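A.B. asks: Provide a 3D model corresponding to the input given below.
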Amino acid sequence: MSSSTVANAYARSLLDLANGQSQATEIGQELSQIKEVLDAEPAFAAMLSNPAISEASRVSILQRAFEGKVHPLVWNFLRVLNVKGRLGELRAIDTAYSDMLDEQFGKVEVDVTVAQRLEDWQLEQVRQAVSSALKRDAVVHQYVDESIIGGLILRVQDKLIDTSVRGQLASIKQKMLAVRPTSASV
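C.D. replies: Prediction:
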């Protein structure tokens, strides 16, 4: 089973349990905080996913780090991951959980690339336009790439909409090359 399939299965199970307790958002926040700990402490993350370290040793470390500090559902989830040898999947599970939670609440992540940073009001206009077009609440992340010259590039899930000047110039170039007469026809 692929890593993303495993992460999705565990994230779905956790989300279902969290929804049953009306705690989906809170559980997601705690899961994200654990991911931040793992990102900040790579040695800790490596130790948790190391198969050479016994399950009992890992649970002892988990107890010191998380027991009583996280929601009981998250604590039990960490223990299950430990027993199943899946603690190394925590980052991917957090990502999958977050994506599922966004979908549940009708949110969609949108990356907007612009040549110059947009003012807050301009970014809000983009968010509203995308939200209206998709009929979902857009969560917009802004990136700056001066090489696009002007316009913007939108990435929504696996779709790319390029209205940048660079993209338009590349399109014109392709069209011109496609209709260019060959030396044999002259």
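A.B. asks: so which residues of the protein form strands?
C.D. replies: Assigned by DSSP state E, the chain shows strands spanning 107-114, 137-144, 152-156, 159-162.
A.B. asks: for those strands, give me JSON lines that also has mean pLDDT, distance to R91 and mean neighbour count.
C.D. replies: Using the backbone N, CA and C atoms, a C-beta is placed for each residue, glycine as well. Shown next, in JSON lines, are those (pLDDT from 0 to 100; distance: least, C-beta to C-beta, whole Å; neighbours: other C-beta atoms under 10 Å):
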{"stretch": "strand 107-114", "mean pLDDT": "91", "distance to R91": "17", "mean neighbour count": "18"}
{"stretch": "strand 137-144", "mean pLDDT": "92", "distance to R91": "19", "mean neighbour count": "15"}
{"stretch": "strand 152-156", "mean pLDDT": "90", "distance to R91": "21", "mean neighbour count": "18"}
{"stretch": "strand 159-162", "mean pLDDT": "88", "distance to R91": "25", "mean neighbour count": "13"}
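A.B. asks: closest one to K175 among those?
C.D. replies: K175 lies closest, by C-beta to C-beta, to one member of these: strand 159-162, at 15.1 Å.
A.B. asks: follow-up on the earlier one: make CSV out of the strands of the chain and add distance to S22.
C.D. replies: Output for these, formatted as CSV (distance: least, C-beta to C-beta, whole Å):
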stretch, distance to S22
strand 107-114, 18
strand 137-144, 20
strand 152-156, 29
strand 159-162, 33
